[in-house]
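[1] Turn this into a model:
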Amino acid sequence: MFGGFNIRRLLFMLFLLVFIAGAVNARNLEKHGLLVLIDSQGLASIKEKYYYAFENDAELEAFKQTVKQNGPSFVAWKVFDASIFPHIIGSEDELLQKSVLFNEEQGFLEINYSLSSKIVMLDEQSRTTVFSLIQNRFNYFIQGASVIIPKNTSITISIPENALVLQALPVPSKQNHEISWNGFLSSNQLALVYEIRKPIAPTISLSDLVEGIFSKSENVFILVIIAVIIIFLYWKKDAVSEKIEGYVVKHSEIRPEAVEEEIQIKS
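    Sure, this is the predicted structure:
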């Protein structure tokens, strides 16, 4: 009986130690920021920042050791803190270009990743392309029929500079080429629609044109020959002019006009 009691007590102590160790590692998250950068093709790269406060140097050093141990493994970071994982993802997405970094000066952990499929739907029109945000990429923030952004959480979507916002719901706290929503926020939808005008004609850069001409050696040789001919003609312009005038005079015939004879008819 006593042996069983000691085992239970030992297990309880081990559980308590694990709980305390977990409590030390799983620190309270002060702020969570998501930045979604969408390119002109509708593909997105995401930066998620998790801000922590360190009460002393020992906590900071312990966290830095955890950064070294976990590295870029998103699985290891979710085990360390259940709130650290990719929040902007659809079921059909693959995570690409994953990385993790720790900014000691500002006290945040940053995970970076990009998605294999578009985060917006494209509607090609005659003069513009209309982009509409796919809401199910934000399933983590959807609870029932509502979109809820928790307290101390911000979502910022950065769109190309030549884009024009047509709709943003709920009303963002900031809107230009960066649309931001700050929690706590509850809405029945999360919508972003913008358009990018198509160029009327392709723009030709003079530098690109010159570079294209001089990129091939045969083009350079032809240009040199043409330049030599132009310089030679300019230098010999008087002689050439005289020869041209002589040629014209020599090959021009001046013929007298035909004289009409009067024919008198005598009766």
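
[2] what are the ranges of the helices in this structure?
    2-25, 57-70, 74-80, 206-214, 217-235, 237-250 (DSSP state H).

[3] what residue ranges in the chain score low on pLDDT?
    1-27, 201-210, 212-219, 234-242, 244-267 (pLDDT under 70).

[4] And it, split by domain according to the record?
    The chain breaks down into these domains under automatic domain parsing: 28-197, 206-250.

[5] Now for the residue lying closest to Ser187 once chain neighbours are set aside, how many residues are close by?
    Once flanking residues are discounted, Ser187 sits nearest to Pro170: 4.0 Å by CB to CB, 6 or more residues apart in numbering. Placement of C-beta: from N, CA and C, glycine included. Other residues lying near Pro170 total 15 when counted by other CB atoms under 10 Å.

[6] who touches Pro170 in this structure?
    Val147, Trp181, Leu185, Ser187, Gln189, Leu190 (CB atoms under 8 Å, 6 or more residues apart in numbering).

[7] hey, where'd the strands end up in the stretch 101-250 of the chain?
    With DSSP state E, counting those that start in this stretch as the criterion, the stretch 101-250 of the chain has strands at 108-115, 120-124, 128-133, 142-143, 146-149, 153-158, 163-169, 178-182, 185-187, 191-197.

[8] out of the ones you listed, nearest to Ile225?
    When those are compared for distance to Ile225 using CB to CB, the nearest one is strand 191-197, at 44.0 Å.

[9] Need the contact partners of that closest one.
    Contacts of strand 191-197 (CB under 8 Å, 6+ apart): 40, 120, 127-133, 135, 157, 159-160, 162-169, 179.

[10] ok, 10 Å please
    With CB atoms under 10 Å, 6 or more residues apart in numbering as the test, strand 191-197 has contacts from 36, 38, 40, 119-123, 125, 127-135, 147, 157, 159-170, 172, 175, 177, 179, 181.

[11] which among these end up buried?
    36, 38, 119-120, 129, 131-133, 147, 157, 159, 163, 168, 172, 179, 181 (16 or more other CB atoms under 10 Å).

[12] Need the max-distance pair from these.
    Thr129 and Val147 (25.5 Å).

[13] and the residue most central in space within the chain, how far is that from Ser132?
    By CA atoms, centre = their mean, the chain has its centre lying nearest to Asp39, at 3.4 Å. Here the criterion is CB to CB, to the nearest Å. By it, Asp39 lies 16 Å from Ser132.

[14] What of Leu166?
    9 Å.

[15] before we move on, what about Leu95?
    Note on Leu95: its distance to Ser132, by CB to CB, is 23 Å.

[16] before we move on, what about Ser116?
    19 Å.

[17] try Phe85
    26 Å.

[18] go on, Leu35?
    According to CB to CB, Leu35 and Ser132 sit 20 Å apart.

[19] ok, now Ile38?
    11 Å.

[20] again with Ile148
    Relative to Ser132, and taking CB to CB, Ile148 is found at 21 Å.

[21] One more: Ile46?
    Ile46 is 18 Å from Ser132, by CB to CB.

[22] circling back to that earlier point, overlap of the contact sets of Ile38 and Ser132?
    Common neighbours of Ile38 and Ser132 (criterion: CB under 10 Å, 6+ apart): Val120, Leu192, Tyr194.

[23] Pick the one among the residues you listed closest to Glu105.
    Leu192 (32.3 Å).

[24] tally of neighbours for Ala53?
    By other CB under 10 Å, the residues close to Ala53 number 11.

[25] could you check the distance from the closest residue in space to it that isn't next to it in sequence over to Asn152?
    Nearest in space to Ala53, with sequence neighbours left out and distances taken as CB to CB, 6+ apart, is Glu30 at 5.7 Å. The spacing between Glu30 and Asn152, counted by CB to CB, is 7 Å.
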